[in-house]
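Visitor: any chance you can model this:
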Amino acid sequence: MLYPFNPRLEFPKGTGKTGADNIALYAKYKEVLKATELANPLVDSLRQTGKLPSNYVSKTVAMQKGWAPGKALNNYVPGGQIGGDVFKNTSNVLPNAPGRVWYEADVGLSNTMSRSKQPGTRLLYSNDGLMYITTDHYKTVHFIGTYK
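Guide: Below is the predicted model of the structure:
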């Protein structure tokens, strides 16, 4: 069925979302795709070794080296990134299962500036192999595959 040209980008009833909705979805999916691509080295490492890349350290290890939240990690752990800490999933944004433990890792963040001044992009991965990405600091998550 052909629809007559409509310069307001409105769809006939029952055919889908408005143009503005689709533009917003496109922007969100583009952001998620970029974050997923940035997470590829982490995903590869998890699939090959079951661990994050060697430059990732937990917050505890970073603090033992002098780092504090709000400070640039590179000043204390050159080339380092934060990852491997347990993610508590208190808001149940991720699927729960008996025995499942969730972990988090920074994705695409600069270690030369404070994490609080950067996007909330994280890889969330479970001990049973699930992986999700968030680009908005845990408000929404997107399943990106498994590593086990």
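Visitor: what sits against Arg115?
Guide: Residues near Arg115 by CB atoms under 8 Å, 6 or more residues apart in numbering: Pro69, Leu73, Ile82, Asp106, Leu109. Glycine gets a C-beta too; all of them are placed from N, C-alpha and C.
Visitor: can we see that at 7 Å?
Guide: By CB atoms under 7 Å, 6 or more residues apart in numbering, Arg115 lies in contact with Ile82, Asp106, Leu109.
Visitor: now it. Its backbone dihedrals?
Guide: Backbone torsions for Arg115, taken as degrees, to the nearest 10, come to phi -60, psi -30.
Visitor: returning to that earlier point: now, which of the contacts of Arg115 sits nearest Val43?
Guide: Asp106 (13.9 Å; CB to CB).
Visitor: wait, that closest one sits on Gln81?
Guide: Yes. Contact criterion CB atoms under 7 Å: Asp106 and Gln81 qualify, at 5.1 Å.
Visitor: so for the longest strand anywhere in the chain, what gets flagged as buried?
Guide: The residue-count maximum for a strand in the chain (DSSP state E) belongs to strand 81-87. Going by neighbour count (16 or more other CB atoms under 10 Å), the buried part of strand 81-87 is Gln81, Ile82, Gly83, Gly84, Asp85, Phe87.
Visitor: and the angle from the helix or strand following it to strand 81-87?
Guide: As assigned by DSSP states H and E, the chain's next helix or strand after strand 81-87 is strand 102-106. On the basis of axes from the mean of the first three to the mean of the last three CA atoms, to 10 degrees, strand 102-106 is oriented at 160 degrees to strand 81-87.
Visitor: quick check: mean pLDDT of strand 102-106?
Guide: In this model, strand 102-106 has a mean pLDDT of 97.
Visitor: same check, this time on stretch 67-74
Guide: Stretch 67-74 comes out at a mean pLDDT of 91.
Visitor: buried residues in it?
Guide: Trp67, Leu73.
Visitor: chain center to it: distance?
Guide: Distance, stretch centre to chain centre, for stretch 67-74: 20 Å (CA atoms, centre = their mean, to the nearest Å).
Visitor: measure that stretch end to end?
Guide: End-to-end distance of stretch 67-74 (CA to CA, to the nearest Å): 9 Å.
Visitor: other SSEs contacting the lengthiest helix in the chain?
Guide: Scanning the chain for the longest helix, with DSSP state H as the assignment, gives helix 19-38. Applying 3 or more CB pairs under 7 Å, 6 or more residues apart in numbering; DSSP states H and E, we find helix 19-38 packed against strand 130-134.
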